[in-house]
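1. Whatever this is, show me its structure:
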Amino acid sequence: MILLRQPVLPLLAINAILMMAAAAGLAIFFAYPHPSLAWPPQATSHIALALGILPLILAAMSYFIPVLTRSGAAAPRWLPMLPLASWLGGLILILGFSGPLDLHPASHLAFLLAASAALALLLWSWRRGQKTVGRPHPGLNWYLAALVCLLLALLAAPLMSVWPAQRAALRLFHLHLNLLGFVGLTALGTLQVLLPTAAGRPDPLAAQRLHKDLLPTTGGALLIALGAAWALPLALIGCLLYLIAPLRMLRDWLRNCRELLLARHGAAPALALSAIGLLAALLLGLAHATGLIVGRPAIAAFILGFLLPLVSAAASQLLPVWLRPGPQRAWHAQMRQALGWLAGPRTLLMVTGGMAIALEWSTGPWLLLAGLLLLLLAALRAWQQSKHAAT
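-> Numbers count the residues shown, from 1 in each chain. From the prediction side, this is the model:
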């Protein structure tokens, strides 16, 4: 497990933030005509998701699942290779989209790498759950459901070549089940445990919500993906089901620790604002489904208005323990304080900036840039703190 903690997990967290920021920059740059330059828009979203988010989630799952299963057995030696295999698949796919590699073989190789990594992690996680001392934490089932969604979404990619008449529909199924199934289920399952930890206050209803909300959320994600691809009414029903979990979660958080969620500093307000970003992205998805906005801005809302704030907020809580596993000491608290500096305002800037970009408002890139600058300043403060502690 050491390889999963140091240095791979911190590097993958930083990589995910950089890839999403790079995708934002490319999207903004190519939003204006550049006759001498050509860049496929699908490559931009895959930079954020396949090169950034997918490897990070696989690595984070590998880290959290032994905790959720309360099992002390050593992890297999091949486990740390799974996020790296998925990252390599993402790189190959982007090279196929952008021209250096032939897209057809590149996409199939990328599928094999990502699907193999997802399937291996799913089987290992399931077996680990079977060996749990007592009952596993209910968050485990959210990870298992997320991995099943990922595999189904990935399977749609090679089917596009087999079933060309349904290529557009399969692409929509692939996109929505990746974002709301794999990424969304992972995020919602993790947030319910991570925010109480960041707030330093137990959430007595978290386990109950995780038990009750998994089925409607997973069903909602599947209905949204199927509806986006083939039958719009299914997507509208799915969206209503999907909203249950984040709304109940935010309601209970406000009842339990309202004052902490309104703070300027720390991971707790940033995580809560990220959850609000998910709700806003879902509403923009509804606007897209009803024809009020086009699809690519809705994807930007999900990546920039939800995922970027979420990953940066989670990193401010988790990076210290990933960098120095073991007993929590003063150094960990100092690093969290430095990384969480102005986390509330910077996350608010990212969420509003991402949504503004989705709505094609000219202020969007500037709001997002301001949030990223505050994140950079917090990272520099943490680096200075770490250097000071080392001396």
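
2. so who does residue 55 touch?
-> 12, 15-16, 83-84, 86-87, 90 (Cβ atoms under 8 Å, 6 or more residues apart in numbering). The way it works is simple: take the backbone N, C-alpha and C, and place the C-beta from them, glycine included.

3. farthest-separated two in those residues?
-> Across the contacts of residue 55, the longest distance by Cβ to Cβ is 13.9 Å; it joins 16 and 84.

4. what is the mean pLDDT for stretch 286-299?
-> Across stretch 286-299, pLDDT averages out at 73.

5. pLDDT weak spots in the stretch 51-200 of the chain?
-> Low-confidence segments of the stretch 51-200 of the chain (pLDDT under 70): 72-73.

6. And the helices in it, which stretches?
-> Per DSSP state H, counting those that start in this stretch, the stretch 51-200 of the chain carries helices over the ranges 54-68, 81-98, 103-130, 139-162, 167-176, 184-199.

7. My read is that residue 17 contacts residue 315, right?
-> Yes: the pair residue 17 and residue 315 qualifies as a contact (Cβ atoms under 8 Å) at a distance of 7.1 Å.

8. Tell me the one among the contacts of residue 55 nearest to residue 213.
-> residue 16 (25.3 Å).

9. Name the helix or strand for that closest one, please.
-> Secondary structure from DSSP states H and E places residue 16 in helix 9-29.

10. Export that helix to PDB, keeping only CA atoms.
-> Provided in PDB are the C-alpha atoms of helix 9-29 (Å, rounded to 0.1, in the frame of the first residue of the first chain):
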ATOM      1  CA  LEU A   9      -1.800   9.500  -4.800                       C
ATOM      2  CA  PRO A  10      -0.500  13.000  -4.200                       C
ATOM      3  CA  LEU A  11       0.900  13.100  -7.700                       C
ATOM      4  CA  LEU A  12      -2.400  11.900  -9.200                       C
ATOM      5  CA  ALA A  13      -4.400  14.500  -7.200                       C
ATOM      6  CA  ILE A  14      -2.100  17.300  -8.500                       C
ATOM      7  CA  ASN A  15      -2.200  15.800 -12.000                       C
ATOM      8  CA  ALA A  16      -6.000  15.800 -12.000                       C
ATOM      9  CA  ILE A  17      -6.200  19.500 -11.000                       C
ATOM     10  CA  LEU A  18      -3.600  20.300 -13.700                       C
ATOM     11  CA  MET A  19      -5.400  18.300 -16.400                       C
ATOM     12  CA  MET A  20      -8.800  20.000 -15.600                       C
ATOM     13  CA  ALA A  21      -7.100  23.400 -15.700                       C
ATOM     14  CA  ALA A  22      -5.500  22.500 -19.000                       C
ATOM     15  CA  ALA A  23      -8.800  21.300 -20.400                       C
ATOM     16  CA  ALA A  24     -10.400  24.600 -19.300                       C
ATOM     17  CA  GLY A  25      -7.600  26.600 -21.000                       C
ATOM     18  CA  LEU A  26      -8.000  24.600 -24.300                       C
ATOM     19  CA  ALA A  27     -11.800  25.000 -24.200                       C
ATOM     20  CA  ILE A  28     -11.600  28.700 -23.800                       C
ATOM     21  CA  PHE A  29      -8.800  29.100 -26.400                       C
END
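
11. helix or strand right after that helix?
-> That would be, after helix 9-29 and using DSSP H and E, helix 41-48.

12. which residues touch that following helix?
-> For helix 41-48, using Cβ under 8 Å, 6+ apart, the contacting residues are 19-20, 22-23, 26-27, 30, 90, 93-94, 97-98, 296, 299, 303, 307.

13. biggest separation within the residues you listed, which pair?
-> It's 98 and 307 that sit farthest apart of the contacts of helix 41-48, by Cβ to Cβ, at 21.9 Å.

14. out of those two, which sits in the more crowded spot?
-> Using other Cβ atoms under 10 Å as the criterion, residue 98 and residue 307 rank with residue 307 on top: 28 against 17.

15. tell me the contacts of the more buried one?
-> Taking Cβ under 8 Å, 6+ apart as the test, what residue 307 contacts is 20, 48, 53, 183, 187.
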